[in-house]
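Chemist: Need coordinates for the following:
(one chain, ligands or ions: 1)
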Amino acid sequence: MPRRHALLALVQCLYHISWVTATLLFSNLSAAPTPPLSPLALRPQASGFDFDLYSALPPASSTVSSNFTDLPDDCAQYIGPGKECTAGMYAAGVTFEDCGAPFTVCRCADATMSMDTVLDRLGRVPVGLRRFVGTVLILNSTVPHAYTMSNGDIHLFGDCAMDTWVHEATHSYDFATSSPHSSSAAWGQAILADTCVPDNYSLTNQVEDFAQMSVIKTYTLLYDGHLPPGFRADCMAQQLDFMDTLPLYAADALFGNTCAIGDGQLGVRHDTPPTTLDPARAFATVSVDWSASPAAALDLNPVPTSTPADSGARSGRQAPLLLPFAALLGLAFRAAYI
Ligand SMILES: [Zn+2]
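Modeler: Just a heads-up that it's a prediction; the model follows:
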C-alpha cells in the first residue's frame, strides 16, 4: 500500500526505494544525466490504493524446499542486533508451477507474514513481473512497508498487501537493466504532459510513479480495461500510453503460464520453463458487472464516492490499524485528494 500523507503514512504499507539504493542505481548510468528524483508537481487522484487487486490475480501453486546448508548472503547480512531481523531466519527455495527456477525466500522467525501468506502473494504476482524478482526477505513490523534493491531483492516488513508486492516486483523489473524505464526521457515527458498521477505516493518521484502506474495497469488488464473505481484516465493518459508501449504489459506476457516468456527482456532472473506447462492456466479477465455500482463506473466517474470496504480484508491490508485512523480523520482523507 502506498504512502498517503504524513499522518496516514504511519499506518500504511510504504513503498520506497531507499535513497542509497537509488543513488547506487543511477550512479551507474555514466552517460545519463542526474535523474530528477524529486517530487512530482501533479495532482494525485487518490490518497492511496484501496481497490481489490488480490482476488483478481490468479495464484500459482508452489512447492518449497529447504536445502540451504547456509543462509544466502543476501539474507544473512540482515540478521543481528539492530538489523532488519533480530531473530533466527529460515531460507527456502520456492518453485512455482509456472517457472522451473526456484525463488529464494528468507523469512525472519518473527516475521509478520506467515510463509503460507508469502507463497500465496508471491504466487499471485504476475509471472511477467515475478521473473525479475531476486531474493525475497520477509520481516517483522507493525507498520507494513517494503523496499527493493537495485539487484532485484525485495524486503517486505509487516503485512504487505497485494499492490505492494506488484509495486516492488515492478521495481525489480525496472531496475533489471542499466536503463530503467522510469528514468527514460519518454516516461519523464509523459509525466510532464499529464496533470495527475494515481495517488499520493506516486508523487514521490518518477520511479515510484512508474511502479504505482504498473499496479494500475495490472488492474486494468485484469478488469478488462477498466480503471479501479474512482480513477479516471484522461488526466494521466500519457502515462497510461507509455505503459502500453512496454511489451511486458500485454496480458499474454504478464499473466502467461510460464516465466520462460522469450520476449527479449534483459535482466530476467527466473526464466527456466516449468517442468510441466499447464495449458489450462490461460489468462482471463475478471468479469464484473460495472453497471451495478456507480462507484465502479471508474474511468467515467470523476469523483470516487466510496472506498471499497472489502478490499482491505481480501488483500490482507492492515485494516485493524487503518480503521482507527480513518475514524480519527473522519473518513475524509480520500476525498481530500480528489
Ligand atoms: Zn517503490
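Chemist: tell me the mean pLDDT over the helix ranked longest in the chain?
Modeler: Determined from DSSP state H, the single longest helix within the chain is helix 206-222. Helix 206-222 comes out with an average pLDDT of 97.
Chemist: just stretch 244-253 next, same as before
Modeler: Stretch 244-253 comes out at a mean pLDDT of 93.
Chemist: Run through who's touching that stretch.
Modeler: 128-129, 173, 181, 186, 214, 217, 221, 243, 254, 261, 263-265, 283, 285 (Cβ atoms under 8 Å, 6 or more residues apart in numbering). Bear in mind the C-beta positions are built from the backbone N, C-alpha and C, glycine included.
Chemist: repeat for stretch 279-288
Modeler: Contacts of stretch 279-288 (Cβ under 8 Å, 6+ apart): 56, 58, 60, 97-98, 221-224, 226, 251-252, 255-257, 296.
Chemist: Name the member of those with the most neighbours.
Modeler: Neighbour counts for the contacts of stretch 279-288, by other Cβ atoms under 10 Å, peak at residue 98, which reaches 26 neighbours.
Chemist: Helix or strand for that one, just tell me which one.
Modeler: Under the criterion DSSP states H and E, no helix or strand holds residue 98.
Chemist: What separation is there between it and the ion?
Modeler: Per Cβ to the ion, to the nearest Å, residue 98 is found 25 Å from the ion.
Chemist: residue ranges of the helices in the protein, please?
Modeler: Remark: helices assigned in the chain by DSSP H are 19-27, 73-76, 115-124, 127-130, 162-174, 185-193, 206-222, 237-245, 251-254, 311-314, 319-328.
Chemist: Please identify the deepest-packed of these.
Modeler: The highest mean neighbour count among the helices of the chain, using mean count of other Cβ atoms under 10 Å, belongs to helix 162-174: a mean of 28.
Chemist: if we can go back for a sec, what's the farthest-apart pair in the contacts of stretch 279-288?
Modeler: Greatest spatial distance among those (Cβ to Cβ): 97 and 296, at 31.7 Å.
Chemist: residues touching residue 273, list them.
Modeler: Residue 273 touches 99-100, 258-260, counting by Cβ under 8 Å, 6+ apart.
Chemist: Name the nearest residue to it, ignoring sequence neighbours.
Modeler: Counting by Cβ to Cβ, 6 or more residues apart in numbering, residue 273 lies nearest to residue 260, which is 3.8 Å off, once chain neighbours are set aside.
Chemist: Read off the pLDDT value for the one you found.
Modeler: So, for residue 260, pLDDT stands at 95.
Chemist: list the contacts for it?
Modeler: With Cβ under 8 Å, 6+ apart, residue 260 has these contacts: 99-100, 271-274.
Chemist: Report the residue spans of this structure with pLDDT below the cut-off.
Modeler: 1-36, 289-338 (pLDDT under 70).
Chemist: ok, the residue positioned nearest the centre of the chain to the ion distance?
Modeler: Taking Cα atoms, centre = their mean, the centroid of the chain lies closest to residue 167, which sits 1.7 Å from it. Using Cβ to the ion, residue 167 is found at 6 Å from the ion.
Chemist: next one: residue 81
Modeler: From residue 81 to the ion the distance is 28 Å (Cβ to the ion).
Chemist: Parallel or antiparallel, list what pairs with the longest strand seen in the chain.
Modeler: Identified as the longest strand of the chain according to DSSP state E is strand 89-96. Looking at strand 89-96 with DSSP bridges, its partner strands are strand 62-65 (antiparallel), strand 103-108 (antiparallel).
Chemist: Count the neighbours of residue 109 for me.
Modeler: Neighbours of residue 109 using other Cβ under 10 Å come to 12.
Chemist: Quick one: residues contacting the residue nearest to it when sequence neighbours are not counted.
Modeler: Take residue 109 and drop its neighbours on the chain: the residue closest to it by Cβ to Cβ, 6+ apart is residue 87, 3.9 Å away. By Cβ under 8 Å, 6+ apart, residue 87 lies in contact with 108-110, 140.
Chemist: farthest-separated two in these?
Modeler: Checking the contacts of residue 87 with Cβ to Cβ, the most distant pair is 109 and 140, at 8.8 Å.
Chemist: list residues touching both of those two?
Modeler: Each of 85, 87 lies in contact with both residue 109 and residue 140 under the rule Cβ under 8 Å, 6+ apart.
Chemist: Right, I'll call it a day here.
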